[in-house]
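A.B. asks: Based on what follows, work out the 3D shape:
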Amino acid sequence: MTSGTKKPFNLREIRDQFPALRQQVYGKNLIYFDNGATSQKPQVVLDAINRYYSKDNANIHRGVHFMSQRATTEFEEARKTIQKYINARKTEEVIFTKGTTDGINLVAFSFGELLKEGDEILITAMEHHSNIVPWQMLCLRKGLTLRVAPINSKGELITEEFEKLLNPKTKLVAITHISNTLGTINPVKELAQKVHAVGAKILVDGAQSIQHMPIDVKDMDCDFFVFSSHKVFGPTGIGVLYGKEELLDRMPPYQGGGDMISKVTFERTTYNELPFKFEAGTPHIAGGICLGEAFRFLAQQDIEAIQLHERELANYAQDMLDTFEGMRIIGEAKKKTSVVSFIMEGVHPFDLGTLLDKQGIAVRTGHHCTQPLMDFFKVPGTVRASFAFYNTRQEVDTFIEAVEKSINMLR
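C.D. replies: Residues are numbered from 1 along each chain as shown. Next up, the predicted model:
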């Protein structure tokens, strides 16, 4: 089957491709609702990892021998696969990083070198720490000002206030596509138009959207888009920064070392062309190859059917949780997906999460690397159930029963 052919959505067939879902935890069939933290891996990705280290383990780009050339071809084919999937104009616009955090830091350091004292960075109140701290560090380093666009009590961006904060001093807007804590989907395409109208650039944190919805960076017209492999069914330790070519050309390198150079003398160094200018040293070769395999796997799926399935799971789970007395859902945006965060009156999230674990259910508890967001809602943390396309309605039913049992034990 070619990558352009979509398979009909078949939940049983999908689940059969994820070996980790077949295990038991504490004698219970595993229910994995921590997909916002990391996703499970299909067999084709696991096979690709084994194949690389068993047959193709060689350094890339600089070797003349057969294994090196084969590994280089596979690595660069993965880049092409990702470029096609996100609809980037050129493969040169696809930079391999260590993940979303590394991609944001790359932009903060490198694009940040083009900014000057008095310029402004705009983020939102729902950002992950990875999309807050690098900008704080940049502002301290360069004398910039960090602005924060507010949200409402439902966890939605207040677009009128966002627009008021845009001004000629704004040079970059960094915004999450989907909130990892709230599930809120931000209208990044419409926001990009407003950002560009004041001459600023926009970075979209796609860590929570790349696996749940179609991504078209050309149509979105974002200047940067970042995501992590391990959240999109690939291995840990690798991710992607997409950047418009004209911007990447202007930006200085993030790190120095092998492969990002054209010529080195003790007097001066000239840098390599894109994308290698931003890929110093030996990359995570197996990670890149296997991420390409993950995208080939995902490209065969019906992403619209996936969206519908995940949205129905989240809505069903939220509706069932709402029936509990003392339940508070954190994040009730009109446009949201795949995430339900909640707290129960009189029950600590950690205790509830621990009891759910003993019943074979993996959820996340805590502040989810969004402490300012927790402060806004005046809660110490939440329980977060986050869904993927391999989760089922029956799993949600079991989860709801386990929540009820746990609450009764804790009260």
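A.B. asks: going forward, measure contacts between C-alpha atoms and count neighbours the same way
C.D. replies: Fine.
A.B. asks: which residues of the stretch 201-350 of the chain fall in strands?
C.D. replies: 201-205, 224-228, 239-243, 261-264, 269-271, 327-330, 339-344 (DSSP state E, counting those that start in this stretch).
A.B. asks: Kindly reformat these as a markdown table containing mean pLDDT, distance to residue 390 and mean neighbour count.
C.D. replies: Formatted as a markdown table, the strands of the stretch 201-350 of the chain follow (pLDDT from 0 to 100; distance: least, Cα to Cα, whole Å; neighbours: other Cα atoms under 10 Å):
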| stretch | mean pLDDT | distance to residue 390 | mean neighbour count |
| --- | --- | --- | --- |
| strand 201-205 | 98 | 24 | 25 |
| strand 224-228 | 98 | 19 | 28 |
| strand 239-243 | 98 | 22 | 26 |
| strand 261-264 | 83 | 43 | 14 |
| strand 269-271 | 85 | 44 | 14 |
| strand 327-330 | 97 | 24 | 18 |
| strand 339-344 | 97 | 14 | 24 |
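A.B. asks: Now distance to residue 159 too, for the ones you listed, in JSON lines please.
C.D. replies: Shown next, in JSON lines, are the strands of the stretch 201-350 of the chain (distance: least, Cα to Cα, whole Å):
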{"stretch": "strand 201-205", "distance to residue 159": "15"}
{"stretch": "strand 224-228", "distance to residue 159": "21"}
{"stretch": "strand 239-243", "distance to residue 159": "25"}
{"stretch": "strand 261-264", "distance to residue 159": "43"}
{"stretch": "strand 269-271", "distance to residue 159": "41"}
{"stretch": "strand 327-330", "distance to residue 159": "20"}
{"stretch": "strand 339-344", "distance to residue 159": "22"}
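A.B. asks: closest to residue 150 out of those strands?
C.D. replies: Residue 150 lies closest to strand 327-330 among those, at 15.8 Å (Cα to Cα).
A.B. asks: For that closest one, report the contacting residues that lie outside it.
C.D. replies: 154-155, 182, 318, 321-322, 340-345, 377, 382 (Cα atoms under 8 Å, 6 or more residues apart in numbering).
A.B. asks: can I have it written out in CSV, keeping just the CAs?
C.D. replies: Only the C-alpha atoms of strand 327-330 are listed here, as CSV (Å, rounded to 0.1, in the frame of the first residue of the first chain):
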residue,chain,number,x,y,z
MET,A,327,-16.2,17.1,40.0
ARG,A,328,-14.6,20.1,38.3
ILE,A,329,-13.4,19.9,34.7
ILE,A,330,-10.5,22.1,34.0
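A.B. asks: ok, which pair from the contacts of strand 327-330 is furthest apart?
C.D. replies: Once Cα to Cα is applied, the contacts of strand 327-330 give 155 and 345 as the farthest pair, at 19.7 Å.
A.B. asks: When those two are compared, which one has more neighbours?
C.D. replies: residue 155 (25 against 13; other Cα atoms under 10 Å).
A.B. asks: Does that one belong to a helix, a strand or coil?
C.D. replies: With DSSP: H, G, I helix; E, B strand; the rest coil as the basis, residue 155 sits in coil.
A.B. asks: Enumerate every residue touching the residue nearest to it when sequence neighbours are not counted.
C.D. replies: Closest residue to residue 155 apart from its sequence neighbours, by Cα to Cα, 6 or more residues apart in numbering: residue 331 at 4.9 Å. Contact analysis of residue 331 by Cα under 8 Å, 6+ apart lists 153, 154, 155, 181, 182, 183, 184, 340, 341.
A.B. asks: got the contact list for the second one?
C.D. replies: Okay, so that is residue 154. 330, 331, 332, 333.
A.B. asks: Number of residues surrounding the third one?
C.D. replies: Same thing as residue 332. Counted with other Cα under 10 Å, residue 332 comes out at 17.
A.B. asks: what sits against the residue lying farthest from the centre of the chain?
C.D. replies: Within the chain, the residue lying farthest from the chain centre (Cα atoms, centre = their mean) is residue 267, at 40.4 Å. By Cα under 8 Å, 6+ apart, residue 267 lies in contact with nothing.
A.B. asks: Need the nearest residue in space to residue 252, chain neighbours excluded.
C.D. replies: residue 110 (5.6 Å).
A.B. asks: OK, contacts around the one you found?
C.D. replies: 251, 252, 253, 254.
A.B. asks: List the neighbouring strands of the least confident helix or strand in the chain by mean pLDDT plus their orientation.
C.D. replies: Sorted by mean pLDDT, DSSP states H and E, the helices and strands of the chain end with strand 261-264, the least confident at a mean of 83. Applying DSSP bridges to the sheet, strand 261-264 is found paired with strand 269-271 (antiparallel).
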